[in-house]
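Trainee: Provided below are the primary sequence and the corresponding predicted coordinates.
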Amino acid sequence: MDTSARLLSKLRFRQVRCFIEVAQNGSFMAAADVLGLTQPAVSRSIRELEATLDVVLFDRSQRGAVLTVHGRKLFDAAEAAMALLTEGLQATQDMGGARELLRIGALPNVCGLTLPAIIEDFQEIYPRTTVRVVSGSNADLLARLRQGALDLVIGRLSNSTAMHGLSFQHLYDESIVFAVGTEHPLAQSDARADLRTLLEQPMLAPIPGTIIRQELERFLFKSGFVAPDFDIESIDAGFINKTIRASRHVVVTVEALVADARAAGEVVVLPIRDAALNGPVGLTTLPGVQDGAAMRLLQTMFRERLSRAPLHTNNDMIEAEKE
């Protein structure tokens with residue numbers, strides 16, 4: 001018996017449950033409350049697990065429990081395994097009603113602007129199908145797809161390393177824009193809106209590691225600028241739109257996310273345009289996975305509806321200006 005098989009034979013389900021809850025809550029006491037156990041029982045399960053693995057999983061202090069490097073590696077795998085197990089258990093309960101679960105990962109702007117109507121139409125045809133929609137960064141969604149926790153991802157085309165072994169079907173191109181509220185100084189008709197002036201303003205940018213953050217930084221480098229220290233970083237759609245309306249920050253986001261607010265006259269997209277700010281969005285899947293009829297129809301609807309999405313470019317924009 002190899003090492004991994006030997007360790008697996010010694011694991012207990014309660015140990016894994018306790019480990020996940022402590023990691024998620026950052027506290028043995030909080031995990032005990034969630035699980036309906038005593039704190040000593042949770043602590044004992046974690047000690048047993050650490051003894052079995054011969055590693056320390058948590059740094060323990062008065063501030064709580066923080067995952068170690070070993071703990072983080074185990075947590076990522078344990079969380080994915082628990083999600084799959086939960087879905088499997090749910091599937092056994094739903095078989096009597098022939099209910100199918102489709103798990104879709106989508107970028108925040110796709111979730112808010114295009115998916116609801118598509119899924120509503122889909123469920124008129126497949127009313128006994130549950131569509132689970134998970135939002136997140138492109139990297140997070142692709143990781144969950146590889147782990148088997150998602151069936152399909154709607155997101156931007158990543159680099160060749162991240163996309164290795166995955167299948168990508170292009171749907172439309174999406175633009176990154178610089179947007180402000182109508183009361184922002186740069187929104188005024190006499191404002192100087194070149195890139196240098198813009199970068200001197202307080203800014204909200206996509207979080208590090210996201211594709212649109214990488215594309216933004218490449219654009220700035222190409223234009224002769226170094227990315228500044230951004231005041232706020234987020235990809236949350238609701239937070240971004242509220243921040244724009246507050247009028248203090250220049251917000252860097254995808255144009256689709258501010259399209260409705262712009263049409264309503266609440267947001268101004270600044271005249272900064274460059275091919276480096278455009279990127280393809282499409283469907284990413286794991287090749288070789290056999291999809292059922294419901295998933296095949298949903299993918300067809302995505303292709304038909306989303307491929308009609310506008311390119312999100314504007315003829316009134318000017319090229320990026322470098323001073």
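Mentor: Received it, and whenever you're ready, just let me know what you need.
Trainee: so what's the closest residue to Asp236 other than its chain neighbours up against?
Mentor: Spatial nearest neighbour of Asp236, excluding adjacent residues (Cβ to Cβ, 6 or more residues apart in numbering): Pro108 at 6.3 Å. From N, CA and C alone the C-beta is placed, and that goes for glycine too. Contacts for Pro108 were tallied using Cβ atoms under 8 Å, 6 or more residues apart in numbering; they are 135-136, 235-237, 257.
Trainee: low-confidence stretches in the stretch 51-200 of the chain?
Mentor: Scanning the stretch 51-200 of the chain for pLDDT under 70 picks out 88-98, 109, 111-113.
Trainee: any chance you could map the strands in it?
Mentor: With DSSP state E, counting those that start in this stretch as the criterion, the stretch 51-200 of the chain has strands at 58-61, 64-67, 100-106, 129-135, 152-156, 167-181.
Trainee: ditto for the stretch 201-323 of the chain
Mentor: 203-205, 232-233, 250-254, 267-269, 278-285.
Trainee: among those, which comes closest to Glu100?
Mentor: Proximity to Glu100, assessed across the strands of the stretch 201-323 of the chain by Cβ to Cβ, is greatest for strand 278-285 (16.8 Å).
Trainee: sheet-wise, list the partners of that closest one with their directions.
Mentor: strand 152-156 (antiparallel), strand 167-181 (antiparallel) (DSSP bridges).
Trainee: mind listing what's buried in it?
Mentor: Neighbour-count burial for strand 278-285 flags 278-279, 281-285 (criterion: 16 or more other Cβ atoms under 10 Å).
Trainee: now for those residues: which two are most distant?
Mentor: Of all pairs in the buried residues of strand 278-285, the most separated under Cβ to Cβ is Asn278 and Thr285 at 23.3 Å.
Trainee: still on that earlier bit, using CSV, lay out the strands of the stretch 51-200 of the chain together with distance to Lys222.
Mentor: Formatted as CSV, the strands of the stretch 51-200 of the chain follow (distance: least, Cβ to Cβ, whole Å):
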stretch, distance to Lys222
strand 58-61, 42
strand 64-67, 38
strand 100-106, 29
strand 129-135, 30
strand 152-156, 18
strand 167-181, 13
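Trainee: and Val177, how far is that from Leu11?
Mentor: 49 Å (Cβ to Cβ, to the nearest Å).
Trainee: of the two, who's got more company?
Mentor: Using other Cβ atoms under 10 Å as the criterion, Val177 and Leu11 rank with Val177 on top: 26 against 15.
Trainee: buried sites along stretch 64-74?
Mentor: Neighbour-count burial for stretch 64-74, counted by 16+ other Cβ under 10 Å, picks out 65, 67, 71, 74.
Trainee: report the separation between the residue nearest the centre of the chain and Met301.
Mentor: With distances taken as Cα atoms, centre = their mean, the residue of the chain nearest its centroid is Gly136 (1.3 Å). As judged by Cβ to Cβ, Gly136 and Met301 stand 22 Å apart.
Trainee: over to Asp76?
Mentor: From Asp76 to Met301 the distance is 32 Å (Cβ to Cβ).
Trainee: what's near enough to touch Leu204?
Mentor: Going by Cβ under 8 Å, 6+ apart, the list of residues near Leu204 reads 230-234, 240, 243, 249-253.
Trainee: in PyMOL, how would I select the buried members of the residues you listed?
Mentor: With 16+ other Cβ under 10 Å as the burial test, the buried ones among those are selected in PyMOL as follows:
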select buried, resi 230+234+240+243+249+250+251+252+253
